[in-house]
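In: generate coordinates for the sequence data below:
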Amino acid sequence: MHTNLPLSGFPAVDAVRQAIENDSDWDVAESAEKLHFYILLAAQNVGRFEPFTEPEIALNAYLTARMAGKRLCDYAWRLLAASQMTVCVRN
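Out: Numbering: from 1, shown residues only. Below you'll find the predicted structure:
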């Protein structure tokens, strides 16, 4: 499923988005409250907590626009965390 959202301007977030949109078999949150919980849980699982960085806020905006379910939130946050670790290792 492709969204009509503009790209975020953050290369790592846009790469995560592209990976997500290559597959159409993603889960959907049952409510806005569950979506918020799934985002916070997925972030926590990779060691990130509020306040979020600008790229993380952009990822959460994308997940919110999709009403992402738990599996999608977990996948997106793991990809973003992995891309950020790669950048840190290279520096």
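In: shaky segments in this structure?
Out: Along the chain, the parts satisfying pLDDT under 70 run over 1-3, 86-91.
In: state which helix of it is the longest.
Out: Counting residues, the longest helix in the chain under DSSP state H turns out to be helix 70-90.
In: who are the packing partners of that helix?
Out: On a contact count with 3 or more C-beta pairs under 8 Å, 6 or more residues apart in numbering; DSSP states H and E, helix 70-90 meets helix 11-21, helix 32-45, helix 54-66. Yep, even glycine has a C-beta here, placed from its N, CA and C like the rest.
In: would you list those in TSV and tack on mean neighbour count?
Out: Converted to TSV, those look like this (neighbours: other C-beta atoms under 10 Å):
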stretch	mean neighbour count
helix 11-21	18
helix 32-45	16
helix 54-66	19
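In: dump those to TSV, plus distance to Leu79.
Out: Below are the helices and strands packed on helix 70-90 laid out as TSV (distance: least, C-beta to C-beta, whole Å):
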stretch	distance to Leu79
helix 11-21	5
helix 32-45	11
helix 54-66	9
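In: of the ones you listed, which is nearest Leu5?
Out: With C-beta to C-beta, the closest approach to Leu5 among the helices and strands packed on helix 70-90 belongs to helix 54-66: 5.5 Å.
In: now do the closest one: everything it contacts.
Out: 1, 3, 5, 8-10, 12-13, 16-17, 20, 26, 28, 35, 39, 43, 48, 52, 72-73, 76-77, 80, 84 (C-beta atoms under 8 Å, 6 or more residues apart in numbering).
In: can we see that at 6 Å?
Out: Identification of contacts with helix 54-66 by C-beta atoms under 6 Å, 6 or more residues apart in numbering yields Thr3, Leu5, Ser8, Phe10, Ala12, Val13, Arg17, Ile39, Cys73, Ala76, Leu80.
In: in contact with the fifth one, which residues are there?
Out: Residues near Ala12 by C-beta under 6 Å, 6+ apart: Pro55, Leu80, Ser83.
In: may I have stretch 50-59 as CSV, with CA atoms only?
Out: C-alpha atoms of stretch 50-59 as CSV (Å, rounded to 0.1, in the frame of the first residue of the first chain):
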residue,chain,number,x,y,z
GLU,A,50,10.5,10.0,24.1
PRO,A,51,11.4,12.7,23.3
PHE,A,52,12.0,11.3,19.8
THR,A,53,14.4,12.8,17.3
GLU,A,54,13.1,14.5,14.1
PRO,A,55,13.6,11.3,12.0
GLU,A,56,11.8,9.2,14.6
ILE,A,57,9.0,11.7,14.6
ALA,A,58,8.8,11.5,10.8
LEU,A,59,8.7,7.7,11.0
